[in-house]
Each structure stands twice: as C-alpha cells, then as structure tokens.
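> here is the input, now give the coordinates:
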Amino acid sequence: MKDLVRKVTEAFGPSGAEDAVREVIRKEVQPYVDEIRVDALGNLIAHKKGNGGKKVILDGHMDEIGLMVTRIDDDGFLRFGTIGGVNPFTSLAQRVYFGNGTVGVIGSERVDEPKDLKMEKLFIDIGAKDRKEAEAKVRVGDSCAFLQPFVDMGDRIVAKAMDDRVACAAIIETLKGLTTNHDIYAVFATQEEVGLRGARAAAFGIEPDVGIALDVTPTGDTPKGRSANVSLGKGAAIKVMDRSIICHPALKNYMVKIAEEKGIKHQLEVLEMGGTDAGAIQMTRAGIPAGVISIPCRYVHSPCEMVDMNDYENCVKLTKALCESPLTF
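Residues are numbered from 1 along each chain as shown. Below is the predicted model:
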C-alpha cells in the first residue's frame, strides 16, 4: 500500500496539468477494471461493470496545488500566481519543479515584519542569470509543483500531494478483488483545487445513482490547532458537511451503519471550510445523493502532508464494504 501511495504522490500534476499523474494512475488501475477512458476535461474514468446494480461514482481528484509563472523579469526571476490554496508561509524557501524537470527555489523580497509576507512578495529562482536564460527553461503559463519526497515514518507517512493522491490510491486498492453487482465508475478527477471542475463534468456524463468522494480532511489534533473533531489514527472520517455540501443524510447514516456492522474504525467530520468533489456531484443534473469518506491529514495544502496508514486502510475497508452492500438507504 505504501508503495502505491509513494508512486502517486511523487507524480507531477498541478490542476490543469495532470497528464503525468494520470498515466501513473492508469497503469495501476487498469488490471482491476473493464474499461478506461479519458474525457474532454482530462478525467480518467475507470469502469468496473456490475450486474444490474446501481451506478456508483467513486471520486478522487488527481490534481495538486501548485504555482503558475505569470512574468519573468530581466534578472531571470519568476513571478507567479497560485493554483489552488497555497500559503506564503509554507511556500517560502521550498523547492519546486516544472513538468520539464526544471527546479527552482522560492525566495522573497525583503520583509521587515512576518505579517507582511504575502504571495506577491515571493518569486522563484531557477538559477538563471537573466531573462534569456530563464526563458530557455520556463515560459509564462508553465505550472510547477512542490518538490518533496515521500517519507515513511512507520504508521504515518508524509508527502506532497496527499491531497488527494492518497484517496486515488485508496480507490485503486478498493477495486482490487472487489465483488459487486453495482457498476463502479472510478473517477480520477481533474481541477478540483480550482473549483471542482472535473468531477462536475464526469458526473454529468455518467449520471450515477450514488456519488461518493474520497478526499483528505484537516485534523484538530496538533498543539493549539484548529477546533475539529478529526484526529490521525481514529479511523476513516465520514463527512456530515463542509462548505460545498451537506451530505445526503440517509447516505451518511448508511455509511455509519455499515462501518458499525463491519467493525470499521470511523469518526464523524464537520468541516467548516473547504469543499470536495461531492459538492459538484450532488448538484449534477437533477441532483445525486452524495457523500464523502475522508482520510485525516495534518498540514493540508502544504508540501508536507501527513496521514496515518491505519486511517487509510479503514477508508479502503469502508469504501469496499459500501460497494459490496446493496446501497439501500
């Protein structure tokens, strides 16, 4: 399981540039499904055929937060905009890399007070001596991702892009050996970080009976951290609501019932900020019953996101149990 998470998290794929990570996921999921296609928005849709059951979307977004070059100055420094929610305090002095392999370091103009550190004060230094040398490596409009390796800490693992590649890995693990009458559509969605865009298009085309998004969720278990019910090591988090969705109450209760019946460690989640692809799935066509299974994650939207493998395994168990259940709620 860790090797799969390593492969998908270390792949390159900011929102709108998911080609490389899509190919990594395609190779991993192909043995476990009947059909694979890529739609107009770049979503990878893997279909495992059922036998008269419901049409179910399992969604995990494959894009990650990143940066996009907006200007190259005369001295070869790159100014940039953000792709998704990027914080200047977790970005400063980090390394980034572009799809062509170019590596840069994030620096800052002089800032006298920490409170004055803003994204517009930052730049990327790719080691170029001037604009001409920089433009030979990078162009305006190119995107980059944070450069951080996967680290195995035992039960806990750390990597960039756990959001949401760890959920993509969980969907692949769910499909292994899955026996179900339902038609399962594994959607590895694009552009979630910039507006839940890929999932909306995929759900419109599939028109499922049920939509389940798998995503990470912030924890409240660090010193003087945010007020949140979710902690590492306490199991899969069953979402009640976030800014994008109030999860279908009957489906949420059904998830809790299945978890209790199967002895799957779980916790309830109310997220006061942020959203998931379930919000887009829910609003598709005439409305789709949608819910979320979350993997608790510390330091979300940073280059060093941490999850617990026990939570990951419980997420896989719950997702598989739901797919193998009659889904009558």
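> quick check: can you list the domain ranges of this structure?
Listed domain ranges for the chain are 2-64+160-324, 67-146 (source: automatic domain parsing).
> quick check: which of the ones you listed is buried the most?
Highest mean neighbour count among these (mean count of other C-beta atoms under 10 Å): domain 2-64+160-324, with a mean of 21. Just so you know, the C-beta spots here come from the backbone N, C-alpha and C atoms, and that holds for glycine as well.
> which parts of the stretch 101-250 of the chain are helices?
131-135, 162-175, 197-206, 249-262 (DSSP state H, counting those that start in this stretch).
> would you reformat those helices as CSV and include mean pLDDT and distance to Phe98?
Formatted as CSV, these follow (pLDDT from 0 to 100; distance: least, C-beta to C-beta, whole Å):
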stretch, mean pLDDT, distance to Phe98
helix 131-135, 98, 12
helix 162-175, 98, 19
helix 197-206, 98, 22
helix 249-262, 98, 40
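> export those to JSON lines and tack on distance to Gly220?
Output for these, formatted as JSON lines (distance: least, C-beta to C-beta, whole Å):
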{"stretch": "helix 131-135", "distance to Gly220": "42"}
{"stretch": "helix 162-175", "distance to Gly220": "17"}
{"stretch": "helix 197-206", "distance to Gly220": "26"}
{"stretch": "helix 249-262", "distance to Gly220": "20"}
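> who wins for proximity to Ala236 among those?
helix 249-262 (7.2 Å; C-beta to C-beta).
> quick one: residues in contact with that closest one.
Outside of helix 249-262, the residues within contact range by C-beta atoms under 8 Å, 6 or more residues apart in numbering are 210, 235-236, 238-240, 264-266, 268, 289-291, 293, 317-318, 321-322, 325, 327-329.
> so what does whichever helix or strand comes after that helix touch, helix or strand wise?
Counting by DSSP states H and E, the next helix or strand C-terminal to helix 249-262 is strand 266-270. The contact analysis (3 or more C-beta pairs under 8 Å, 6 or more residues apart in numbering; DSSP states H and E) places strand 266-270 against strand 236-241, helix 249-262, strand 290-297.
> ok, strand 266-270: who's next to it in the sheet?
For strand 266-270, the paired strands and their directions (DSSP bridges) are strand 236-241 (parallel).
> what distance separates the strand it pairs with from the middle of the whole chain?
Strand 236-241 has its C-alpha centroid displaced from the chain centroid by 16 Å (C-alpha atoms, centre = their mean, to the nearest Å).
> the helix ranked longest in the chain to strand 266-270, inter-axis angle?
For the chain, the helix with the greatest residue count under DSSP state H is helix 309-324. Orientation of helix 309-324 against strand 266-270 (axes from the mean of the first three to the mean of the last three C-alpha atoms, to 10 degrees) gives an angle of 90 degrees.
> distance between helix 309-324 and the chain's centre?
Worked out by C-alpha atoms, centre = their mean, helix 309-324 lies 17 Å from the chain centre.
> for that helix, list the C-alpha coordinates in CSV.
C-alpha atoms of helix 309-324 as CSV (Å, rounded to 0.1, in the frame of the first residue of the first chain):
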residue,chain,number,x,y,z
MET,A,309,-1.8,4.3,7.3
ASN,A,310,-4.4,2.8,9.7
ASP,A,311,-6.9,5.5,8.6
TYR,A,312,-6.1,4.8,5.0
GLU,A,313,-6.8,1.1,5.5
ASN,A,314,-10.0,1.8,7.3
CYS,A,315,-11.0,4.1,4.4
VAL,A,316,-10.4,1.3,1.9
LYS,A,317,-12.4,-1.1,4.1
LEU,A,318,-15.4,1.2,4.3
THR,A,319,-15.4,2.1,0.6
LYS,A,320,-15.2,-1.6,-0.3
ALA,A,321,-17.9,-2.5,2.2
LEU,A,322,-20.2,0.2,0.7
CYS,A,323,-19.6,-1.1,-2.8
GLU,A,324,-20.4,-4.6,-1.8
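> what residue is smack in the middle of the protein?
Nearest residue to the geometric centre of the chain (C-alpha atoms, centre = their mean): Asp164, 1.7 Å.
> so what's it closest to, chain neighbours aside?
Spatial nearest neighbour of Asp164, excluding adjacent residues (C-beta to C-beta, 6 or more residues apart in numbering): His61 at 4.6 Å.
> next up, the contacts around that neighbour.
With contact set as C-beta under 8 Å, 6+ apart, His61 has these partners: 164, 167-168, 188-193, 198-199, 215, 277.
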